[in-house]
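A.B. asks: coords please:
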Amino acid sequence: MSTSVVLKNSARLFNILDAQHEDWIIARAMEIVERRMFRGGQTLQNSAATMDFLRTKLAQEPNEVFSALFMDNQNRVIAYEELFKGTVNSTSVYPCVVLSRALAHNAAAIIFAHNHPSGLTEPSNADKFITSRLKGVLDAVDVRMLDHVIVGQGRPFSFAEMGLL
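C.D. replies: You can find the predicted model right below:
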């Protein structure tokens, strides 16, 4: 075996190991953020901290993921769940499943989030429609919808901040 083949194979191995190491570091960092933010039903202090957490969870996803932060009456986090996974440009969201999970957690409030793998955070008509539909379903059972955040490149889009709830 020639020296150049060995060097090429070694370089490829180091690239693989570097990527695995970076993935490991990212996974550990996400665990630390989650533990610090939600230890013992942590109260969400501000929208910036919430958006940072959601970006950490969703920004690297190659396909759309629709998730929810379930909260109690004091806006303390009960749970974070990825509810639906889709394709590179869409995901199906079923209000009956969302309602079922909210009731299972005995949630008083919810923040929804999903990512746009394209990087663009502008809401589509489908995003606006499902946000309105989910708000109506949750209002019927007195669960407050606090926000719907779209994660992409740069600052996430907040339906609440834009007055769209």
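
A.B. asks: rest of the way, CA atoms for contacts and neighbours
C.D. replies: Will do.

A.B. asks: domains for the protein, by residue range?
C.D. replies: Using automatic domain parsing, the domain ranges for the chain come out as 1-39, 44-158.

A.B. asks: Return the most buried member of those.
C.D. replies: Across the domains of the chain, the average number of neighbours (mean count of other C-alpha atoms under 10 Å) peaks for domain 44-158, which reaches a mean of 18.

A.B. asks: Give me the average confidence score over that domain.
C.D. replies: Taken as a whole, domain 44-158 has an average pLDDT of 94.

A.B. asks: How is residue 25 assigned, secondary-structure-wise?
C.D. replies: Following DSSP: H, G, I helix; E, B strand; the rest coil, the label given to residue 25 is helix.

A.B. asks: quick one: which of the domains of the chain is nearest residue 164?
C.D. replies: domain 44-158 (8.3 Å; C-alpha to C-alpha).

A.B. asks: All the helices of the chain, in order from the start?
C.D. replies: According to DSSP state H, the chain carries its helices in the segments 3-38, 47-58, 95-104, 125-139.

A.B. asks: Give the bridge partners for the nearest residue to residue 77 once chain neighbours are set aside, please.
C.D. replies: Once flanking residues are discounted, residue 77 sits nearest to residue 71: 4.5 Å by C-alpha to C-alpha, 6 or more residues apart in numbering. In this entry, residue 71 is beta-bridged to residue 77, residue 109, by DSSP bridges.

A.B. asks: what about residue 138, distance to residue 112?
C.D. replies: 12 Å (C-alpha to C-alpha, to the nearest Å).

A.B. asks: Please disregard the earlier target; I meant residue 136.
C.D. replies: 14 Å.

A.B. asks: Likewise for residue 70?
C.D. replies: Between residue 70 and residue 112 the distance is 9 Å, computed by C-alpha to C-alpha.

A.B. asks: And residue 153, by the same measure?
C.D. replies: Residue 153 is 18 Å from residue 112, where distance means C-alpha to C-alpha.

A.B. asks: Need the overlap of contacts for residue 138 and residue 112.
C.D. replies: Taking C-alpha atoms under 8 Å, 6 or more residues apart in numbering as the criterion, residue 138 and residue 112 both touch residue 145.

A.B. asks: and the residue nearest to residue 55 when sequence neighbours are not counted, what does it touch?
C.D. replies: Spatial nearest neighbour of residue 55, chain neighbours left out: residue 151 (6.0 Å); criterion: C-alpha to C-alpha, 6+ apart. Taking C-alpha under 8 Å, 6+ apart as the criterion, residue 151 is in contact with 54-55, 58-59, 113-116, 119, 121, 157.
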